[in-house]
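Peer 1: Starting from these lines, generate the structure:
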Amino acid sequence: MTGEAEPVRKQVGEKLYAGGRQVGERIEVTLTKSVAKLPDPVVERRGVPERRRFRHQRLADKVGRYFTFMILLISFATLAHWLPAT
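Peer 2: Next comes the predicted model:
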């Protein structure tokens, strides 16, 4: 998770973070935090309050619903306009 190119040895009792990859023998892991209680790294990094994030998400969903259709419509209109000129 921290970007090491080579495997890093961990000792018994050391913390492991999600996203790591096990190399070698079987391991036993004990969870210390519930997934629901973990912070959202994107929101924390940017400092955006959760309520505001949902507002932006709703706006992106509304715009995204019509975006592809509008791009295709503009493309075909441009084609129809320039095709007779060639």
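Peer 1: From now on I want contacts and neighbour counts done on CA atoms only, so please keep to that.
Peer 2: OK.
Peer 1: which intervals of the chain have sub-threshold pLDDT?
Peer 2: Filtered on pLDDT under 70, the chain yields the residue ranges 1-4, 19, 35-53.
Peer 1: ok, now with 50
Peer 2: Across the chain, the ranges flagged by pLDDT under 50 are 1, 43.
Peer 1: residue ranges of the strands in it, please?
Peer 2: Applying DSSP state E to the chain gives no strands.
Peer 1: Longest helix in it, by number of residues?
Peer 2: For the chain, the longest helix by residue count, based on DSSP state H, is helix 50-82.
Peer 1: so how far is Ser75 from Thr68?
Peer 2: Thr68 is 11 Å from Ser75, where distance means Cα to Cα, to the nearest Å.
Peer 1: That should have said Val8, apologies.
Peer 2: In terms of Cα to Cα, Val8 sits 51 Å off from Ser75.
Peer 1: what do you get for Tyr17?
Peer 2: Taking Cα to Cα, one finds Tyr17 at 47 Å from Ser75.
Peer 1: same question, Ile27
Peer 2: 55 Å.
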